[in-house]
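Asker: Here is a sequence with its predicted model. Questions after.
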Amino acid sequence: MRRALAVADQAAAAGDVSVGAVVLSPTGEMLAVAGNERELLADVSAHAEIVALRQAAAVVGQGWRLPGCTLVVTLEPCAMCAGAIVAARIQRLVFGAFDPKAGAVASLWDLVRDPRLNHRVEVISGILAGEAEQQLRSFFGGRRG
């Protein structure tokens, strides 16, 4: 989570929302590290999770599936990212801050553990949540001020 928080700071410095993500292999090796790149790429889908999943899939080199991998992200994923997490067959999701406005893992919905889907993800939430929340508050406070 510390690495995800660091890359979230880099995203904020580049003018994007301060969210960072890391994908770990089944053995714990860091496969990908990414921050939000929506503004940088002018791409609505360039959330940190999506960028990290794309990078990890390229590193693994066996298509788009990432079975046994863990995604660590500073903010609870939205519906788009939660869907991508399920589609990629991520085994475990670790996130920091809850997102009461758009969270699709616990706050508004629970897409990654929905029994109607073909894959369910183990979820560990609230890791370094205070730091992740403060990071987001600082980012948005700076934008408003």
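Answerer: In hand now; what should we look at?
Asker: Does Ser18 belong to a helix, a strand or coil?
Answerer: Using DSSP: H, G, I helix; E, B strand; the rest coil, the structure places Ser18 in coil.
Asker: quick one: pLDDT of the residue lying closest to it once chain neighbours are set aside?
Answerer: Excluding the flanking residues, the one nearest Ser18 by C-beta to C-beta, 6 or more residues apart in numbering is Ala12, at 3.8 Å. C-betas here are computed from N, CA, C, even on glycine. Note on Ala12: pLDDT of 95.
Asker: from memory Ala12 sits against Phe139, does it?
Answerer: Yes: with contact defined as C-beta atoms under 8 Å, Ala12 reaches Phe139; the gap is 4.8 Å.
Asker: helix or strand right after the host helix or strand of the residue nearest to Ser18?
Answerer: Assessed by DSSP states H and E, Ala12 sits inside helix 2-13. Next helix or strand after helix 2-13 toward the C-terminus (DSSP H and E): strand 20-24.
Asker: CA atoms only: put that following strand into PDB for me.
Answerer: Written as PDB, here are the backbone C-alpha positions of strand 20-24 (Å, rounded to 0.1, in the frame of the first residue of the first chain):
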ATOM      1  CA  GLY A  20      -2.400   4.700  -7.000                       C
ATOM      2  CA  ALA A  21      -2.400   0.900  -7.700                       C
ATOM      3  CA  VAL A  22       0.000  -2.000  -7.600                       C
ATOM      4  CA  VAL A  23      -0.400  -5.500  -9.000                       C
ATOM      5  CA  LEU A  24       1.400  -8.300  -7.300                       C
END
